[in-house]
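Trainee: Build me a model:
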Amino acid sequence: MYIEKLKVRPRQVAAVRPCTPQLAAMLACWSASGDYMSTDACAESAKALMSCMRTAVSFPPLNLGGSLCMLTRI
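Mentor: Next up is the predicted model:
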């Protein structure tokens, strides 16, 4: 099959999310134990998440200007 004008978008690079496993562990702990203040059962997962967030590389903020301009036209 031949298509004369075929446009293919390039693949997007997967976003790097450095602290996802620690966040998932803390949310699972909260869900299982109900320790939302992270004082008893979830203290270790909260400490792991905080240490990951301290050492994680910060990324520049997303440029939302184009999206916000589209919303103002609605």
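Trainee: Poorly predicted segments of the chain, please.
Mentor: 59-63, 65-70, 72-74 (pLDDT under 70).
Trainee: all helices for it, in order.
Mentor: Ranges of helices in the chain, per DSSP state H, are 20-33, 43-55, 65-72.
Trainee: Which of those sits closest to residue 2?
Mentor: Closest of the helices of the chain to residue 2 is helix 65-72, at 35.4 Å (criterion: C-beta to C-beta). Glycine gets a C-beta too; all of them are placed from N, C-alpha and C.
Trainee: With mean neighbour count and distance to residue 5 as extra columns, can I get the helices of the chain in CSV?
Mentor: Shown next, in CSV, are these (neighbours: other C-beta atoms under 10 Å; distance: least, C-beta to C-beta, whole Å):
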stretch, mean neighbour count, distance to residue 5
helix 20-33, 14, 40
helix 43-55, 14, 47
helix 65-72, 8, 26
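Trainee: Quick one: closest of those to residue 10.
Mentor: When the helices of the chain are compared by C-beta to C-beta, helix 65-72 sits nearest residue 10, at 18.9 Å.
Trainee: Which one, of the helices of the chain, ends up nearest to residue 8?
Mentor: helix 65-72 (22.8 Å).
Trainee: mind checking which of the helices of the chain is nearest residue 9?
Mentor: helix 65-72 (17.3 Å).
Trainee: distance of the spatially most central residue of the chain from residue 57?
Mentor: Central residue of the chain (C-alpha atoms, centre = their mean): residue 17, 5.6 Å from the mean position. Computed as C-beta to C-beta, to the nearest Å, the residue 17 to residue 57 distance reads 11 Å.
Trainee: what's the overlap in contacts for those two?
Mentor: Overlap of the contact sets of residue 17 and residue 57 (by C-beta atoms under 8 Å, 6 or more residues apart in numbering) is empty.
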